[in-house]
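**Student:** here is my input; please provide its structure:
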Amino acid sequence: MFMEKDYTIHFENTPEYLRATYTSNSNSIELFRSVLFEVANELKKHKTKKVMLISESPYKLEEAEIFNIATECAPLYFGLKCAFYDTFPIHFSRLRFAELVSENRGLNVQCFTEFEVAEKWLLED
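**Tutor:** Here you go, the predicted structure:
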């Protein structure tokens, strides 16, 4: 039986980084885990070390879910530079928590509510 994904991801390879824009029709840790695994596979496929993950999803995870997903997915993103841009600024407090958890696991992740600021950070050496 075929089950349709509850999210879509659009990948764009720029000369400097991979841009992954996703939106979703529901909210779950399983959905976001799938997004992160799909993005990690694309990074590996293109041998890219920088990624801009853009969320166009109105949904947000609970702090416990953020902690769990950051811990689980940390090995996939170790050694990469990741900018996370959320188009819903209301999510920023949760993004800051995700950033803290990720940094505590040795990841180079920053969360942003402005695309231009995120891109500037991502392109810095």
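**Student:** and the biggest helix by length in the chain, how far out from the chain's middle?
**Tutor:** Criterion DSSP state H: the longest helix present in the chain is helix 29-46. Mean-position distance between helix 29-46 and its chain equals 9 Å (C-alpha atoms, centre = their mean, to the nearest Å).
**Student:** what angle separates the following helix or strand past it from helix 29-46?
**Tutor:** Sequence order places strand 50-55 as the next helix or strand after helix 29-46, per DSSP states H and E. With axes from the mean of the first three to the mean of the last three C-alpha atoms, to 10 degrees applied, the angle from strand 50-55 to helix 29-46 works out at 150 degrees.
**Student:** got a list of contacts for the longest helix of the chain?
**Tutor:** 5-7, 9, 11, 13, 18, 20, 22, 24, 48-49, 51, 53, 61, 65, 68-69, 72-73, 76-77, 80 (C-beta atoms under 8 Å, 6 or more residues apart in numbering). In this view, the C-beta of every residue, glycine as well, is placed from N, C-alpha and C.
**Student:** from those, which ones fall inside helices?
**Tutor:** 65, 68-69, 72-73, 76-77.
**Student:** what about Lys120, neighbour count?
**Tutor:** For Lys120, the neighbour count with other C-beta atoms under 10 Å is 12.
**Student:** change the start of the numbering to 220 and stick with it
**Tutor:** Okay, using 220 as the starting number, the last item reads as Lys339.
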